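Visitor: Structure, please.
(chains A, B and C)
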Amino acid sequence: MKKTLLTPEKIVKKLKDAFKDKIKETRIETRKAGQKKKEYTNIWIKIHRDAFKKCVKYITDKIDYPHLAVVSGNDLGKNIELIYHFSVYYGHRLGEISINISVDLPKEDPRIESICDIIPGALITEREKQEMLGVIVEGIPDSRRFFIPDDFPEGIYPWRKDEKGPQKFVRDLYEGDKK
Amino acid sequence: MKTTYTLPIGPIHPALKEPVMFEFEIDGEKIVNVDVKAGQVHRGIEWIGTQRNPIQILYLAERICGICNISHPFAYCRAVEYIADVEVPEKAEYIRVIIAELERIHSHILWAGVAAHEVGFDSVLYLSWRLRENVMDLIEYLTGNRVTKAMFTIGGVRRDITKDQYPKIENTIKYYRENMGKLKHVFLDDKTFKLRCRDCGILTKDNALKLCAVGPTTRASGVKKDVRVDQAYSAYGDLDIDYITPDILTGEVKGDVYDRIVVRLLEVEQSLDLIEQCLDRMPTSGNIAVEEKIPKLLATLKKVEGEGIGRHEAPRGEVIHYVKLTGEEHPYTWKVRAPTYNNILPWIPMLLGEQIADIPIVAASTDPCLSCTNRVAIVENGKKNILTGEDLHRLSVEKTRRLMRK
Amino acid sequence: MVKLKSFKRALWVFHLNTGSCNGCDIEIIAALTPRYDVERFGIRLVGSPRHADVLLVTGPVTRQMEDKVKRVYEQVPDPKAVIVVGNCGSTGGVFHESYNLVGPVDRIIPVDVYVPGCPPRPEAIIDGVAKAWLKLEKLEGK
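Guide: The predicted structure is shown next:
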């Protein structure tokens, strides 16, 4: 099935028409590389968490089955920001476009829906967010810890910059036996 | 009740990254369920990164993985250059590509030796690692060190490749073109290898797409995903490059262990081509870095704000780094994703239905950067039996001898 | 340099990775391959610590691996020597402050020889094993 490749501007327009006011901001950035100055494009979208899963489904159905690279997270003080890095149109020479969707979660209620039923490969990265940032992913098929050992205390989230961070556990290795 | 007691009895040769725990449920000789537990090498690097300045992070990024230690600085530099909107000089782009392709050659030949050892052919391990020493000599000649090369800096590279170094590069390429035939013949034409590897550990195209597999693992299943071809970055946009899938050599795509061997050996030849193209097109004079003095570079980076991502096709797949700078001395966030973490989930469909003796070769065929053999729990008539890495390797070798006798 | 009059024993080596980046590990295997070839002295890698004379440890020790390192050390029969390869195990190296690392290897098990480098060249690793050999011969001679 041959599909037509949409330009980044058309992709943003389609998403804006489908989700209207749930999309808070978008930006398109291009960079050039090499002698022939070929371009590649990144689209950054900020969306409300209620519309997030429908947005992923929309991209899967109407644009291309996306490749989820990773989910990165920021601790912004009052909110936790999760950024999902997708890419579409792989398989076409110099045609790939990166779509980065970011979702804001308030710290009192850091829940988000799991996308494991659309993209099963998201399991490991969602587990990592649960243990590193304290996000609760609803509907995740397996919610055990992935990287951190089981005897690490609950409630300490290494990527957080507030009182729940790992400061108490940091050791300076070259101090030797002083500690 | 499954026990989670583990002992790090590593694999027989430690050419893999971290201890990882598997728990298999086995019915007779066939695997019924697989559980993967990782995390024994979690060093907290992303947290350490937020305590250092951007140049110190470069040296930290090199030591995330010793085998693909150009890929992580490459992706990190791309991310920071994206934020600062810095254009890297053309000569530096070509030097970056040459070093990245040399690393790919060394990593694939290293993997070929490891895979042969898992099947039981130790002499092929020694043959391929002897072949690998030539590219290690070339890397030492160009960069000064065999393993941690430290060639990258933000905005360019640190050392130049001048015209009087070209003859040694060309000699090494010639040596490999003559000798890759030997390695290909041993792997691809040998009857026992075919019996062991054909139709073993199959990953279908559908599963590869859904589980977001990356690298040669997914290309061997027919999915065309390669960051160098998909995206224009560094000098790859100017070069003549295409996706490597197994039907180029064998005419069909099955997604088994044999196909992954084919893809990696073909990629070595592709890398030799790419290095030759780079030597032709590289400009012979010019800057190699946007800013060579480090204090000035750090001062510029302190004024920059924003977030960016950088991706690169490492020998094992796609590496992605995400950096957020907020105008302070340390970055606000640094996220690293090595390619093996996307390739862990595909182990589950690959191993279901296989025999225990096939576990080492199937797990090694995805080229994991982990030492993957801690514990195998067998449920047999209700009794628990624990196998270790040593036993798995012995079973794998015995199966090969059985096939050879037929 | 002390001349070894007779090679009384061929050293069998067990390699233990406590969370390293693999750089030291591939240089250890490179020491066995035909370019540097320590197998001509009888040094070989074994698969179980119970058969080993020398323990080669790499990596800063992560929290998960701490008690496993102790158990492996107890499984190696006497007389034994422990060699730490690389900067991470000696002093922490680049990972000198982290929340998941328990410390350089000598906080957990006693160490005889340190081979610094990030990663050390195969020649340096062979030199380290030779020093451990001398130490073992001295222990046996007593």
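Visitor: Which stretches in chain C count as strands?
Guide: Under the criterion DSSP state E, strands of chain C are mapped to C:12-17, C:44-45, C:54-58, C:61-62, C:81-85, C:97-98, C:101-103, C:113-115.
Visitor: Same list, the ones you listed, but as TSV with distance to C:Ala130, mean neighbour count and mean pLDDT please.
Guide: Every residue, glycine included, has its C-beta placed from N, CA and C. Listed next are those as TSV, based on distance: least, C-beta to C-beta, whole Å; neighbours: other C-beta atoms under 10 Å in any protein chain shown; pLDDT from 0 to 100:
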stretch	distance to C:Ala130	mean neighbour count	mean pLDDT
strand C:12-17	12	23	84
strand C:44-45	15	16	80
strand C:54-58	11	26	87
strand C:61-62	26	26	83
strand C:81-85	11	25	90
strand C:97-98	33	21	80
strand C:101-103	28	24	80
strand C:113-115	9	22	91
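Visitor: Identify whichever of the ones you listed lies nearest to B:Arg402.
Guide: strand C:44-45 (25.2 Å; C-beta to C-beta).
Visitor: The spatially most central residue of chain A and chain C, how far apart?
Guide: When chain A is reduced to its mean C-alpha position, the nearest residue by C-alpha atoms, centre = their mean turns out to be A:Tyr84, at 2.0 Å. A:Tyr84 sits 26 Å away from chain C, going by C-beta to the nearest C-beta, to the nearest Å.
Visitor: what's near enough to touch that residue?
Guide: Counting by C-beta atoms under 8 Å, 6 or more residues apart in numbering or on different chains, A:Tyr84 touches A:Val56, A:Leu68, A:Val71, A:Asn100, A:Ile101, A:Ser102, A:Val103.
Visitor: Take those residues and keep only those in strands.
Guide: A:Leu68, A:Val71, A:Asn100, A:Ile101, A:Ser102, A:Val103.
Visitor: Give the phi and psi angles for B:Val34, as a check.
Guide: Phi and psi for B:Val34, reported as degrees, to the nearest 10, are phi -130, psi 140.
Visitor: In this model B:Leu345 seems to touch it, though I could be wrong.
Guide: No. Using C-beta atoms under 8 Å, B:Val34 is not in contact with B:Leu345, being 10.2 Å away.
Visitor: and which of the contacts of A:Tyr84 is nearest to B:Asn134?
Guide: A:Leu68 (38.7 Å).
Visitor: Which pLDDT value goes with the residue of chain C found nearest chain A?
Guide: Nearest to chain A, among the residues of chain C, is C:Gly92, at 2.9 Å (C-beta to the nearest C-beta). pLDDT recorded at C:Gly92 is 81.
Visitor: Roughly how far does it sit from B:Pro339?
Guide: Here the criterion is C-beta to C-beta, to the nearest Å. By it, C:Gly92 lies 27 Å from B:Pro339.
Visitor: repeat for B:Phe74
Guide: 13 Å.
Visitor: Can you pull the residues that touch both of those two?
Guide: In contact with both B:Phe74 and B:Pro339: B:Val319, using C-beta under 8 Å, 6+ apart.
Visitor: Dump the helix or strand harbouring A:Ile83 to CSV, restricted to CA.
Guide: Taking DSSP states H and E as the criterion, A:Ile83 maps to strand A:79-88. Output of strand A:79-88 as CSV, limited to C-alpha atoms (Å, rounded to 0.1, in the frame of the first residue of the first chain):
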residue,chain,number,x,y,z
ASN,A,79,4.7,19.5,37.2
ILE,A,80,6.4,16.5,35.7
GLU,A,81,6.8,16.7,31.9
LEU,A,82,7.0,13.5,29.9
ILE,A,83,8.2,13.7,26.3
TYR,A,84,7.5,10.8,23.9
HIS,A,85,9.9,10.7,21.0
PHE,A,86,8.3,9.2,17.9
SER,A,87,9.5,9.0,14.4
VAL,A,88,7.5,8.4,11.2
